[in-house]
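Visitor: Build me a structure from this.
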Amino acid sequence: MTDILGRDTDELRRLGALDTSREIAQQPAVWRQIGRLVADSADSTAAFLKPLLDRPELRIVLTGAGTSAYVGEVLAPSLRRRLGRRVDAVATTDIVADPLASFAEDVPTLLVSFARSGDSPESVTATELATEVLTDCWHLIVTCNERGRLAGRYADGSASRVLVLPEATNDRGFAMTSSFTGMVLAGLLVLGGPDEALVERLAAAAERVLASRPAAAADLAARRYRRIVYLGSGSLHGVARESALKVLELTAGRALALAESALGFRHGPKSVLDDETLAVSYESNDPYTSRYDRDMVAELLRVLPARNVVTVTARPGAAAGSTAWDLPGLEDVDDAALALPAVICAQLIGLQFSLALGRTPDNPFPGGQVNRVVQGAIMHPLSR
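Guide: Sure thing, here's the model as predicted:
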């Protein structure tokens, strides 16, 4: 596989970036594998899901922790429109901390758990609390690790189904990259319907990003911005949150990052802007929503130097004056699908910022202050 940074394997290993750069680069190939996996298992998946989706009172809850929670935030707005029903994104960390609020309505519920490893303390606990609190609860597990606790717990249940993604998605690097996009794609295809043509379009777009944007990301990193603001609306707000987390993780907090919606940014968070701030706006494919995105970019350009503002967009005619990182050929796709090639832009930015700051992207915390699989959380029994 061609290295996206133009460096050989030995140099990447010396820089501590071998796993992360490889896992970013592999995403188009991994997406194609997931498309085939979902298509091949479509009949058995439908046998599990159709009786549930036929119930109009069914609530779908998308859950996970950290990056895996952002998978749900990306998917929920799209699935609400597609399915015409209630779909909520609720982090496992919120479920575990307050299950009676998370499941205040005792309605039939499909809990969709996204997990890279399935070994985070909250992963299994959240599913068990849902079953304890709710009268009718089913589980769909989307994980990158067939040997994880979550996959093992629900592999043979009559009220559960486990979808294990290709082994390559179980990222070895510290920050989730191909695991994030793999789970977004799987959730979109499983709950929204298989679409191999869409998968190919997304993979081709991602290949163009990987071929054209690493140098541009390195140029941004060389400017040594102290802060990065990511903005997005709807599904792209979830992408903005994931993008900000990638910067924080890969730079070990040396570069501060903030995520907001285009409209929400004016209500206080805009205070962060100064000449050392980079602003990245994800433009929605929805013509109505994109008006607000473009209004915010125009406002940013009145405050920041033009080179400090980047618009990631599939729509022609990005806000005049900003630097456009185009995603051509995807003008008609849903924002949850657009999220996949769009977030690769942020992964490249996070990786290049990490290297520019002298960090080791594969393990930004060699002292173990933050861990790849979260440690230290004690799970307490629920008493009512």
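Visitor: just the strands in the stretch 251-384 of the chain please.
Guide: 256-260, 277-282, 309-313, 323-326 (DSSP state E, counting those that start in this stretch).
Visitor: Now mean pLDDT, distance to residue 358 and mean neighbour count too, for those strands, in TSV please.
Guide: From N, CA and C alone the C-beta is placed, and that goes for glycine too. Shown next, in TSV, are the strands of the stretch 251-384 of the chain (pLDDT from 0 to 100; distance: least, C-beta to C-beta, whole Å; neighbours: other C-beta atoms under 10 Å):
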stretch	mean pLDDT	distance to residue 358	mean neighbour count
strand 256-260	97	17	22
strand 277-282	98	19	26
strand 309-313	97	24	26
strand 323-326	93	26	18
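Visitor: wait, which of those is closest to residue 153?
Guide: strand 256-260 (31.8 Å; C-beta to C-beta).
Visitor: what lines up beside the closest one in the sheet?
Guide: Partners of strand 256-260 in the sheet, by DSSP bridges, are strand 227-231 (parallel).
Visitor: Mind exporting the C-alpha coordinates of whatever helix or strand comes next after the partner strand to CSV?
Guide: Note on strand 227-231: by DSSP states H and E, the next helix or strand toward the C-terminus is helix 235-250. Only the C-alpha atoms of helix 235-250 are listed here, as CSV (Å, rounded to 0.1, in the frame of the first residue of the first chain):
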residue,chain,number,x,y,z
SER,A,235,-24.8,14.5,10.9
LEU,A,236,-21.8,16.6,10.2
HIS,A,237,-21.9,17.9,13.8
GLY,A,238,-21.0,14.4,14.8
VAL,A,239,-18.1,14.5,12.3
ALA,A,240,-17.0,17.8,13.8
ARG,A,241,-16.9,16.3,17.3
GLU,A,242,-14.9,13.3,16.0
SER,A,243,-12.5,15.6,14.1
ALA,A,244,-11.8,17.7,17.2
LEU,A,245,-11.2,14.6,19.2
LYS,A,246,-8.7,13.3,16.6
VAL,A,247,-6.6,16.5,17.1
LEU,A,248,-6.7,16.3,20.9
GLU,A,249,-5.7,12.6,20.9
LEU,A,250,-3.0,12.6,18.2
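Visitor: looking at the strands of the stretch 251-384 of the chain, which is closest to residue 81?
Guide: Of all these, it is strand 277-282 that lies closest to residue 81, at 18.1 Å by C-beta to C-beta.
Visitor: other SSEs contacting the closest one?
Guide: strand 227-231, helix 235-250, helix 287-303, strand 309-313, helix 335-356 (3 or more C-beta pairs under 8 Å, 6 or more residues apart in numbering; DSSP states H and E).
Visitor: Strands of the stretch 1-150 of the chain, residue ranges please.
Guide: Under DSSP E, counting those that start in this stretch, the stretch 1-150 of the chain gives strands at 59-63, 87-89, 109-115, 137-143.
Visitor: Would you format those as a markdown table with mean neighbour count and mean pLDDT included?
Guide: A markdown table is the format used below for those (neighbours: other C-beta atoms under 10 Å; pLDDT from 0 to 100):
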| stretch | mean neighbour count | mean pLDDT |
| --- | --- | --- |
| strand 59-63 | 24 | 98 |
| strand 87-89 | 20 | 98 |
| strand 109-115 | 27 | 98 |
| strand 137-143 | 24 | 98 |
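Visitor: can you redo those strands as CSV with distance to residue 292?
Guide: Supplementary listing: the strands of the stretch 1-150 of the chain in CSV, determined by distance: least, C-beta to C-beta, whole Å:
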stretch, distance to residue 292
strand 59-63, 24
strand 87-89, 21
strand 109-115, 28
strand 137-143, 31
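Visitor: Same list, the strands of the stretch 251-384 of the chain, but as JSON lines with distance to residue 347 please.
Guide: Shown next, in JSON lines, are these (distance: least, C-beta to C-beta, whole Å):
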{"stretch": "strand 256-260", "distance to residue 347": "13"}
{"stretch": "strand 277-282", "distance to residue 347": "12"}
{"stretch": "strand 309-313", "distance to residue 347": "12"}
{"stretch": "strand 323-326", "distance to residue 347": "13"}
